[in-house]
Every structure is written in C-alpha cells, then in structure tokens.
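Engineer: Kindly return the folded structure for what I paste below:
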Amino acid sequence: MLKGLQTVNQWLGQLTDLAKTLVVIGIIVGILFDDFFGVIAGLGRIMSQFGDAGFAGILSLMILVMWYEKK
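Structural biologist: Residues are numbered from 1 along each chain as shown. The predicted model follows:
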C-alpha cells in the first residue's frame with residue numbers, strides 16, 4: 001500500500017513538473033509570438049482574481065508560494 005502511494009506521488013510530481021515546464025514555454029512563446037495560446041492573458045486573469053479577493057487572495061497566494069518553496 002505504501003509503495004503504491006509513493007508511486008502515485010511520484011507520478012503527480014512528474015505531472016506537476018511537466019505543467020510548470022509547459023507554462024514557462026507558453027509564456028516564452030507568448031512573449032515572442034504575441035500570446036498565440038493565451039497563456040499570458042490567462043495568468044493575468046488568475047492574478048487579478050487574487051487581487052480582487054483582497055486580503056484573502058493575498059493570504060492564499062502566500063500559502064501557495066510557501067507550499068511551492070517547501071518542495
């Protein structure tokens with residue numbers, strides 16, 4: 001059972017790394033080719049939602065950053 005959970009955890013870690021890589025590539029392509037896939041606009045919408053939520057948005061963003069740095 002423990003080995004199965006470790007395997008799933010490794011898969012999720014690899015999928016997360018792949019998603020981060022794709023976001024970075026999307027940002028670079030968006031900068032070079034006028035945001036063809038809409039990645040930069042999507043990130044802007046997400047960040048504006050954090051800003052619109054006020055203190056709760058800032059607090060949740062800080063929690064996400066601390067969780068990310070923990071890995």
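Engineer: and the helix or strand hosting residue 44, what other elements does it pack with?
Structural biologist: According to DSSP states H and E, residue 44 maps onto helix 39-52. Secondary-structure packing of helix 39-52 (3 or more C-beta pairs under 8 Å, 6 or more residues apart in numbering; DSSP states H and E): helix 2-32, helix 55-70. Using the backbone N, CA and C atoms, a C-beta is placed for each residue, glycine as well.
Engineer: Of all the residues in that helix, which ones are buried?
Structural biologist: residue 39 (16 or more other C-beta atoms under 10 Å).
Engineer: do the same with stretch 16-30
Structural biologist: Buried, per 16+ other C-beta under 10 Å, within stretch 16-30: 26, 30.
Engineer: Now find how far off-centre that stretch is within its chain.
Structural biologist: Here stretch 16-30 is found 9 Å from its chain centre; the criterion is C-alpha atoms, centre = their mean, to the nearest Å.
Engineer: which residues are in contact with that stretch?
Structural biologist: 36-40, 43 (C-beta atoms under 8 Å, 6 or more residues apart in numbering).
Engineer: If we use 7 Å, what do you get?
Structural biologist: The contact list for stretch 16-30, computed with C-beta atoms under 7 Å, 6 or more residues apart in numbering, reads 36-37, 39-40.
Engineer: Can I get these in JSON lines including pLDDT and distance to residue 15?
Structural biologist: Output for those, formatted as JSON lines (pLDDT from 0 to 100; distance: C-beta to C-beta, whole Å):
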{"residue": "36", "pLDDT": "77", "distance to residue 15": "24"}
{"residue": "37", "pLDDT": "79", "distance to residue 15": "19"}
{"residue": "39", "pLDDT": "84", "distance to residue 15": "18"}
{"residue": "40", "pLDDT": "85", "distance to residue 15": "22"}
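Engineer: Going by distance to residue 68, which of those residues wins?
Structural biologist: residue 39 (18.5 Å; C-beta to C-beta).
Engineer: Many thanks, I have nothing further to ask.
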